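1. With the input below, show me the fold.
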Amino acid sequence: EARHQAVDEFAADPLLAQSVAEMLDAFPDVPRLVGRASLGQAGPRDMAALRDALNLLPGLREEIAGMVSPLIGAQRELLHGLEELAAYLSATLAPSPPASLTEGGVIAPGVDPVLDEQRELMTSGKDWIAALQLKLRSETGIPSLKVGFNKVFGYYIEVTKTHLDKVPESFIRKQTLAAGERYFTPELKEREAAVLGAEERALILERQAFEDLRGRVATDSRPLMACARALATVDVLNSLARLAVSRNYVRPKMSENGALEIMGGRHPVVEQMLAEGEFVPNDIKLDMHEQQVMIITGPNMAGKSTILRQAALIALLAQAGSFVPAERAALPLVDRIFTRVGAMDDLAGGRSTFMVEMTETSQILQKATPRSLVILDEVGRGTSTFDGLSIAWAVAEHLHELAGQGVKTLFATHYHELTELAVDRPRVRNF
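-> Numbering: from 1, shown residues only. Below you'll find the predicted structure:
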C-alpha cells in the first residue's frame, strides 16, 4: 500500500516524475563505488564520480520535498547526512582527476602546503629548462639544439651531427645517436635532481592524501549504502509510475484475503507486442465462495495460456507495489503463485516431459495453501487419454477441496470432460 501510494503520487504529476528520472539518470552506480573504496580498489575517477553523486543529492531532496507519501519521505531522510563527506571530497579532489594516481594532479591545490611546494618546484623547474634551451641556442649558435627528457636518461642536451663542432667544452657527453650526440652539464644535472625529486615526492604525498580520502569513504560506507538504497527505491517507484501513465495501468485495491477481481485486464507483455487496441481486455473473478476454480477450455491459439499468465502477472505486479494493466482490479494478498505451464523435459536428469509435468504438479499439491494462486496450463499430457484425464480430474478436485477451503485456481485444459466437474463441485465454473 505504501508503494502504491508513492506510485500514485508520482503518476499524478508527470512533470515531477520526468524531472526526478532525469536527475536519477545522472547518478553513477553508488554501491559499486562504495564497494571499490572499501576494498581499497577505487581510483581517482571513482571518487570523483562519488563526489559528483553526493553533490546531486540536495537537488533531488528538494525535488521530492513536497511529496506527502510516507515512503518517499523516509527515502528523503536517508539522502541526508552526507554533506560533510561531499564537502570533503569536493575540497580534496581535483575537478577532473586523471584515471591513475601515477599521473599526478589528483589532489586539488591548497589541500597540502608541502604538496603545493613540490608542485611549484616542478613547474618552476620545467620553466627553467625551457629558458635554458633558449639560452644555450643563443650562446652556442646551434639553432636545432634542444633540451629533452626521457625516463631512462633523464634530462639531456641534444645536438645534431652537423653542429658538433660548435659544442662547448663544458658539455659532457652522455649518449651517442645515429643523428647526433646527447650531453649534460653539472647545472642541468643539479636541476634534474631537484625536479625529479619534486615529482617523486609529490606523487608520494598525493597517494597518501588519496588513501586518506578513500579510507574516509570506506568509513562512511553504511550511510552511503543507505543512501544508495534510498536512491534505488525512489527510482523504482518513479519508474513504476511512469510505466503506469504510459501504459494506462490502474492502482489495485488490496485486501488481506478477499476476492481476486480483474475488470478489463490485459497481459502486460503481450499487449506491447501487438498493435494498439488489438489486445482484447477480459475479466477474471476468483473467490472462496462461488467461483474458486475456473476450468478454461477452447481451441489452440484461443488465448487460454495468455489469460492464465495474465492473472498471475497482475497479482505479482500488484504485490510488488506496481499498478496493473486493467480498468479496475481488486486483489488479495497471496502467499505464493504456483505455475505449471509449458512442456519441457530433463532427459539428462532422467526425466521425460511427462515426469517433469508430474513433478511440478506434485509440488503444487503438496505446498499450495488456501492463500495461494494456482495456474495450471494443461495437466495430464504425455500419457494415454484416460490416464491423463483421470490425473487432471483428480488434481482439480484436490485443489477445490484443499485444506477444507480450496485454493484460487485457473485450470486451462483440452479435456472437455473436465467441464462436468461444475455439476457437483459448487465452486467450479466453466469458461
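2. ok, which stretches of this structure are helices?
-> Taking DSSP state H as the criterion, the chain carries its helices at 2-11, 14-25, 30-38, 44-63, 70-78, 83-92, 113-140, 186-219, 221-247, 270-273, 304-319, 353-367, 385-401, 421-424.
3. tell me, which of these is the model least confident about?
-> Mean pLDDT values for the helices of the chain show the minimum at helix 113-140, a mean of 80.
4. That helix packs against which elements?
-> For helix 113-140, the packing partners by 3 or more CB pairs under 8 Å, 6 or more residues apart in numbering; DSSP states H and E come out as strand 146-150, helix 186-219. From N, CA and C alone the C-beta is placed, and that goes for glycine too.
5. For Thr123, which of the ones you listed is the nearest?
-> Closest approach to Thr123 among these (CB to CB): helix 186-219, 9.1 Å.
6. export the helices and strands packed on helix 113-140 to TSV and tack on distance to Ser69 and mean neighbour count?
-> Output for the helices and strands packed on helix 113-140, formatted as TSV (distance: least, CB to CB, whole Å; neighbours: other CB atoms under 10 Å):
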stretch	distance to Ser69	mean neighbour count
strand 146-150	62	14
helix 186-219	31	16
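7. of these, which approaches Met23 most closely?
-> For Met23, the closest of those is helix 186-219, at 22.0 Å, according to CB to CB.
8. relative to helix 44-63, how tilted is the closest one?
-> 40 degrees (axes from the mean of the first three to the mean of the last three CA atoms, to 10 degrees).
9. just how off-centre is helix 186-219 within its chain?
-> Distance of helix 186-219 from its chain centroid, counting by CA atoms, centre = their mean, to the nearest Å, is 37 Å.
10. that older thread, could you save the helices of the chain as CSV and add columns showing distance to Val147?
-> Putting these into CSV (distance: least, CB to CB, whole Å) gives the following:
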stretch, distance to Val147
helix 2-11, 64
helix 14-25, 49
helix 30-38, 41
helix 44-63, 31
helix 70-78, 57
helix 83-92, 35
helix 113-140, 4
helix 186-219, 7
helix 221-247, 49
helix 270-273, 68
helix 304-319, 71
helix 353-367, 79
helix 385-401, 90
helix 421-424, 98
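11. Out of those helices, which is closest to Met254?
-> Across these, closest to Met254 is helix 304-319 (CB to CB), at 6.7 Å.
12. CA atoms only for the closest one - export them in CSV, please.
-> What follows is helix 304-319, C-alpha atoms only, in CSV (Å, rounded to 0.1, in the frame of the first residue of the first chain):
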residue,chain,number,x,y,z
LYS,A,304,-6.1,-19.9,-22.7
SER,A,305,-2.4,-19.6,-21.7
THR,A,306,-2.5,-15.8,-22.1
ILE,A,307,-5.3,-15.3,-19.6
LEU,A,308,-3.7,-17.7,-17.1
ARG,A,309,-0.4,-15.9,-17.1
GLN,A,310,-2.1,-12.5,-17.2
ALA,A,311,-3.8,-13.2,-13.9
ALA,A,312,-0.6,-14.4,-12.3
LEU,A,313,1.4,-11.4,-13.6
ILE,A,314,-1.2,-8.9,-12.4
ALA,A,315,-1.2,-10.5,-9.0
LEU,A,316,2.6,-10.4,-8.9
LEU,A,317,2.8,-6.7,-10.1
ALA,A,318,0.3,-5.6,-7.5
GLN,A,319,2.0,-7.3,-4.7
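13. Export the helices and strands packed on helix 113-140 as a markdown table, with columns for distance to His4.
-> Formatted as a markdown table, the helices and strands packed on helix 113-140 follow (distance: least, CB to CB, whole Å):
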| stretch | distance to His4 |
| --- | --- |
| strand 146-150 | 67 |
| helix 186-219 | 36 |
